[in-house]
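Novice: got a predicted structure plus its sequence, pasted below:
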Amino acid sequence: MATKKSGTKKGATRKKSSSGSGKYVEQEMHERKHGKRESREQAIAIGLSKARRAGEDVPPPKKGKTSASTRKKAESDYKAGGKKRATKRAAKKTTTKKRASKKSTTKRKRSS
């Protein structure tokens, strides 16, 4: 199955947002099938929210399409997905420990 493309003003093509969010919505539909979700609409909304948070290009709905609170939540999810994640604390700790051990070994070598 080919990826869906949509044209932009300059004639360049880009992937449609639906192709990126599809796997998230599909996963939520699967969970709904097994009784985790109540309704189809709820599964779609949660899938889109997860896609936005994961950094997929799924823009928030336009004004008038949904309630203000839903649009606000979608905008915050969209912004959260656009941010780069900070490195994990555990990774920082190990590099700090490595640096500290390097320093201590060089001090020992100098004193000998």
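Specialist: Looks like it came in fine. Residues are numbered from 1 along each chain as shown.
Novice: how about the helices of the chain, start to end?
Specialist: Secondary structure of the chain by DSSP state H: the helices cover 17-33, 40-53, 68-82, 89-111.
Novice: buried deepest among the ones you listed, which one?
Specialist: Comparing the helices of the chain by mean neighbour count (mean count of other C-beta atoms under 10 Å), helix 40-53 comes out on top with a mean of 19. For the C-beta atoms, the positions are set from N, CA and C on the backbone; glycine is no exception.
Novice: pull the CA atoms of that helix into PDB?
Specialist: In PDB, the C-alpha atoms belonging to helix 40-53 read as follows (Å, rounded to 0.1, in the frame of the first residue of the first chain):
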ATOM      1  CA  ARG A  40     -15.400   4.000  18.500                       C
ATOM      2  CA  GLU A  41     -15.200   7.800  18.800                       C
ATOM      3  CA  GLN A  42     -13.300   7.500  22.100                       C
ATOM      4  CA  ALA A  43     -10.800   5.000  20.500                       C
ATOM      5  CA  ILE A  44     -10.200   7.400  17.600                       C
ATOM      6  CA  ALA A  45      -9.700  10.400  19.900                       C
ATOM      7  CA  ILE A  46      -7.200   8.600  22.100                       C
ATOM      8  CA  GLY A  47      -5.300   7.300  19.000                       C
ATOM      9  CA  LEU A  48      -5.000  10.800  17.600                       C
ATOM     10  CA  SER A  49      -3.900  12.200  20.900                       C
ATOM     11  CA  LYS A  50      -1.200   9.500  21.200                       C
ATOM     12  CA  ALA A  51      -0.100  10.200  17.600                       C
ATOM     13  CA  ARG A  52       0.200  13.900  18.400                       C
ATOM     14  CA  ARG A  53       2.300  13.200  21.500                       C
END
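Novice: need the helices of the chain in CSV (columns: mean pLDDT and distance to Pro61).
Specialist: Below are the helices of the chain laid out as CSV (pLDDT from 0 to 100; distance: least, C-beta to C-beta, whole Å):
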stretch, mean pLDDT, distance to Pro61
helix 17-33, 84, 11
helix 40-53, 89, 9
helix 68-82, 88, 6
helix 89-111, 70, 35
